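1. with the sequence up front, the predicted model follows.
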2 protein chains.
Amino acid sequence: MVEANLTAARDVPREADSPRDSDVAHFGADKPLKLDSGVVLSPFQVAYKTYGTLNAERSNAVLVCHALTGDQHVASEHPVTGKGGWWETMIGPRKPIDTERYFIICANVIGGCMGTTGPASTDPRTGKPYALSFPVVTIRDMVRAQAMLVDYLGIDTLFAVVGGSMGGMQVLQWAASYPERVFSALPIACATRHSAQNIAFHEVGRQAIMADPEWRGGNYLTEGTDPQHRGLAVARMAAHITYLSDAALHRKFGRKFQDREKVTFSFDADFQVESYLRYQGISFVERFDANSYLYLTRAMDYFDLAADCDGGLVANAFRNSPTRFCVISFTSDWLFPTSESRAIVHALNAAGARVSFAEIVTDKGHDAFLLDEPELLAIVRGFLDGARKARGLSGAP
Amino acid sequence: MVEANLTAARDVPREADSPRDSDVAHFGADKPLKLDSGVVLSPFQVAYKTYGTLNAERSNAVLVCHALTGDQHVASEHPVTGKGGWWETMIGPRKPIDTERYFIICANVIGGCMGTTGPASTDPRTGKPYALSFPVVTIRDMVRAQAMLVDYLGIDTLFAVVGGSMGGMQVLQWAASYPERVFSALPIACATRHSAQNIAFHEVGRQAIMADPEWRGGNYLTEGTDPQHRGLAVARMAAHITYLSDAALHRKFGRKFQDREKVTFSFDADFQVESYLRYQGISFVERFDANSYLYLTRAMDYFDLAADCDGGLVANAFRNSPTRFCVISFTSDWLFPTSESRAIVHALNAAGARVSFAEIVTDKGHDAFLLDEPELLAIVRGFLDGARKARGLSGAP
């Protein structure tokens, strides 16, 4: 059975209030966050990381938006896991998002658990974690908070907004909500709305978490229950399958046995793929908050750009957009298949926006956006090079 | 959260020993079941249903093999749920598997929970349910038990063996283990071995069950814990998504709301697809045993017909097979995609076996084999009509 590392799991509440290796922007009573639900969140904080140097014109900022289980530690060591940043293939000196050219900002989303206000954060009114008293947030709420951070940093226009999966949803929302503030946008492996199948998978994950009696109606932090979060581990295992492809799983594991010659006629992890999945569940629980998982999956489920538009047409979200778009999908991504990216491109075309589109051939599934995919890296580099010239950015800050 | 009907869930242990509306074949000490694990299971029983009349030549018997969560109640009311048989579209008077022409047998598999010996059955040595002391069984073990039932019924050769999914695996195993006893075989929506992705999904389900503290190491029946089996409900929810297709979920539910006009900013089942999935989880728990789910998923994971063959070639399982095969797949089935059925066909071709193959165009996913799919029904009818002529069966018993 899945047993998690308890010591590491206890780091989660600490990070939520006092994130290590991060900057924190505090927004007091004068700067409330007005949420889509109607709730006003105040005070709140945003934990973020920056890399590179902001130029004198303040025109070289790139905002990176993280995915469901990502965080602000995009290009440097993670304070809980000790592992490298989650997008170090993409971001660094002379990498496609070049820290020698750009000022890169990555912020933990509202509802997250790595230092931006979320359900694991202490509610100043009670002195206890919000837990389920935290308001349900949306992708647009995440973007609103990021816009306040960008204001706080004294940046008017972002040179680029980039992200994959839930990060890509934020990119689309940025371009829709603040078109004049987004010079270029790279929504990767995402969609303008969450599909029924994706909502279904999220619901399974949430039910797995809520079925765990240690979850205690969300009050595990105050009730001091065992933070093993087996429910969260199961949720992660189910989700992880959707991030890969059948072909990638076959290539990587097939029916290979784990440290044995043949089946054991038991429920041990006979197959490598079982062992791998169990590890994914266990290691995730060490760094993530179960309630945060509920909130962020819900935000993705609720995402439907068209629902807010005139006539329910996504194109109207981007009417007269000055932003330059680069939409990217992966052939083997079945969570956000290419058809979803094509729908984004069609909407952008209908809106008369400037858009390029690349479908990258790979068997690595949705996860491809996080991996060392040469074609992805080359396309992002090339698109940003073109945008840099159009923006009149000099070679160095 | 998922809450199951407790009264119905308590029916499960009763069915395991004394199945209602079923015939039971008892195999005593003189007829042990020798399992692939090396364990000898004795005594054991097989619960089964028959429909139609066995002809004087005993040549019109059709064995129907059920899928993971199916049972012997294939064409008549289910004693626990009160619903109709699971394949009434296929089996009945003048239906493709015609009860006026054929003598249809459907037996609960070894490891099941509807009256054939499995983990919910009482171990005669202890007077308590086997629970996890039940031996791990394989698809071949299921088929061995069925062959003993067919002997018990005095039938030498089956006119046809038919089944989908795990049932299809049994069909293939029947043709491999007892080629002279299988005149015709219809493996539907299956494969010669379980894929890494499918093992992964099964492992998620098992972890969900084992993470449930009410599971008690499998001893919930003796410890009298709450039989709500939330873990089993979560397992079912995850599996159920894999039985459908993205397109079917989109067509059926899309992003439609459940009894509300807009999102509620909560974790209620806002979307119809959430409500539907929760219902699938709850209703499954009422009729199925959690340990049985562990054993049957394990049997599917272990299935690898090639592993037992000379040179690891599936074709060698069917060398000189006298059986007539009809292999059927569905275009939108991503659990057992058409490529898996093509691999069966290639193996049968390489073995020189007689085989026809149909890929049915549908957006209904894996579940299509259970649904009212006219093309499926027509193909099964046509194939059996041809086989009946070849077998020299008269029109009526």
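-> Cool, the structure landed.
2. quick check: buried residues in stretch A:269-288?
-> Across stretch A:269-288, burial judged by 16 or more other C-beta atoms under 10 Å in any protein chain shown covers A:269-278, A:280-288. Heads up, the C-betas are built off the backbone N, CA and C, glycines and all.
3. contacts with chain B among those, please.
-> Among the buried residues of stretch A:269-288, proximity to chain B is found for A:269-271, A:273-274, A:277-278, A:281 (C-beta under 8 Å from any C-beta of the partner chain).
4. among these, name the ones in helices.
-> A:273-274, A:277-278, A:281 (DSSP state H).
5. spatially, which two of those residues are the most separated?
-> A:273 and A:281 (12.8 Å; C-beta to C-beta).
6. show me the contacts for residue A:129.
-> A:13, A:16, A:119-123, A:221-222 (C-beta atoms under 8 Å, 6 or more residues apart in numbering or on different chains).
7. sorry, wrong one. I was asking about residue A:39.
-> Per C-beta under 8 Å, 6+ apart, neighbours of residue A:39: A:135, B:265.
8. could you pull out the strands for chain A?
-> All strands of chain A, identified by DSSP state E, fall at A:23-27, A:33-34, A:40-41, A:44-51, A:61-65, A:91-92, A:97-98, A:103-107, A:122-123, A:128-129, A:158-164, A:182-188, A:324-330, A:354-360.
9. can you list the ones you listed in TSV and add mean pLDDT?
-> TSV is the format used below for those (pLDDT from 0 to 100):
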stretch	mean pLDDT
strand A:23-27	98
strand A:33-34	98
strand A:40-41	98
strand A:44-51	98
strand A:61-65	98
strand A:91-92	98
strand A:97-98	98
strand A:103-107	98
strand A:122-123	96
strand A:128-129	95
strand A:158-164	98
strand A:182-188	98
strand A:324-330	98
strand A:354-360	98
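10. want to throw the ones you listed into TSV with distance to residue A:344?
-> Formatted as TSV, the strands of chain A follow (distance: least, C-beta to C-beta, whole Å):
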stretch	distance to residue A:344
strand A:23-27	30
strand A:33-34	27
strand A:40-41	29
strand A:44-51	27
strand A:61-65	15
strand A:91-92	23
strand A:97-98	21
strand A:103-107	22
strand A:122-123	37
strand A:128-129	37
strand A:158-164	13
strand A:182-188	6
strand A:324-330	5
strand A:354-360	8
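11. residue A:43 against residue A:125, yeah?
-> No: taking contacts as C-beta atoms under 8 Å, residue A:43 lies outside contact range of residue A:125: 10.3 Å.
12. pick out whichever of the two has more residues nearby.
-> Neighbours were counted for residue A:43 and for residue A:125 using other C-beta atoms under 10 Å in any protein chain shown; residue A:43 has more, 14 against 8.
13. pLDDT score for that one?
-> Turning to residue A:43, the model gives it a pLDDT of 98.
14. same deal with residue A:222?
-> In this prediction, residue A:222 carries a pLDDT score of 90.
15. burial check on the residue in the stretch 251-397 of chain A that chain B sits nearest to, number of neighbours?
-> Nearest residue of the stretch 251-397 of chain A to chain B: residue A:265, at 3.9 Å (C-beta to the nearest C-beta). Applying other C-beta under 10 Å, we find 18 residues neighbouring residue A:265.
16. now residue A:40
-> Quick note: residue A:40 (other C-beta under 10 Å) scores 11 neighbours.
17. OK, contacts around it?
-> Counting by C-beta under 8 Å, 6+ apart, residue A:40 touches A:32-34.
18. any of these buried? List them.
-> By 16+ other C-beta under 10 Å, those give residue A:33 as buried.
19. mind putting the contacts of residue A:40 into JSON lines with distance to chain B?
-> Compiled in JSON lines, those are given as follows (distance: C-beta to the nearest C-beta, whole Å):
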{"residue": "A:32", "distance to chain B": "17"}
{"residue": "A:33", "distance to chain B": "14"}
{"residue": "A:34", "distance to chain B": "13"}
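20. wait, which of the contacts of residue A:40 is closest to residue A:132?
-> Distances from residue A:132 to the contacts of residue A:40, taken by C-beta to C-beta, are shortest for residue A:33, at 18.5 Å.
21. which residues of chain A score low on pLDDT?
-> A:1-13, A:226-228, A:394-397 (pLDDT under 70).
22. in it, which residue is closest to the centre?
-> Nearest to the geometric centre of chain A sits residue A:67, at 1.3 Å (C-alpha atoms, centre = their mean).
23. in stretch A:83-103, what's buried?
-> A:85-92, A:95-99, A:101-103.
24. any idea how far residue B:250 is from residue A:184?
-> For residue A:184, the distance to residue B:250 equals 31 Å [C-beta to C-beta, to the nearest Å].
25. between the two, which is the more surrounded one?
-> residue A:184 (24 against 15).
26. who's in contact with the more buried one?
-> A:159-161, A:323-326, A:383-384, A:387, A:391.
27. most neighbours among those, which one is it?
-> residue A:161 (31 neighbours).
28. quick check: that residue vs residue A:172, distance?
-> 9 Å.
29. which of the ones next to chain B among the buried residues of stretch A:269-288 sit farthest apart?
-> A:270 and A:281 (17.1 Å).
30. rewinding a little: can I get the ones in helices among the ones next to chain B among the buried residues of stretch A:269-288 in CSV with distance to residue B:110?
-> Shown next, in CSV, are those (distance: C-beta to C-beta, whole Å):
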residue, distance to residue B:110
A:273, 25
A:274, 23
A:277, 27
A:278, 27
A:281, 30
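31. count of neighbours near residue A:318?
-> Neighbours around residue A:318, by other C-beta under 10 Å: 27.
32. mind listing what it touches?
-> A:175-176, A:179, A:347-348, A:351, A:353.
33. let me have the residues you listed in JSON lines, extended by distance to chain B.
-> Compiled in JSON lines, the contacts of residue A:318 are given as follows (distance: C-beta to the nearest C-beta, whole Å):
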{"residue": "A:175", "distance to chain B": "21"}
{"residue": "A:176", "distance to chain B": "18"}
{"residue": "A:179", "distance to chain B": "25"}
{"residue": "A:347", "distance to chain B": "16"}
{"residue": "A:348", "distance to chain B": "21"}
{"residue": "A:351", "distance to chain B": "22"}
{"residue": "A:353", "distance to chain B": "24"}
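34. near chain B, which residues of the stretch 101-250 of chain A show up?
-> So the stretch 101-250 of chain A meets chain B at A:132, A:135-136, A:193-197, A:199-201, A:203-204, A:206-208, A:210-213, A:230-231, A:233-234, A:237-238, A:241, A:244, A:246, A:249-250 (C-beta under 8 Å from any C-beta).
35. if you set the cut-off to 6 Å instead, what comes out?
-> Proximity of the stretch 101-250 of chain A to chain B is confined to A:136, A:196-197, A:199-200, A:203-204, A:207-208, A:210-211, A:213, A:230, A:234, A:237-238, A:241, A:246, A:249-250 under the rule C-beta under 6 Å from any C-beta of the partner chain.
36. those residues, buried ones only, as a PyMOL selection?
-> Buried subset of these, written as a PyMOL selection, criterion 16+ other C-beta under 10 Å:
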select buried, chain A and resi 136+196+197+199+200+203+204+207+208+210+211+230+234+237+238+241+246+249+250
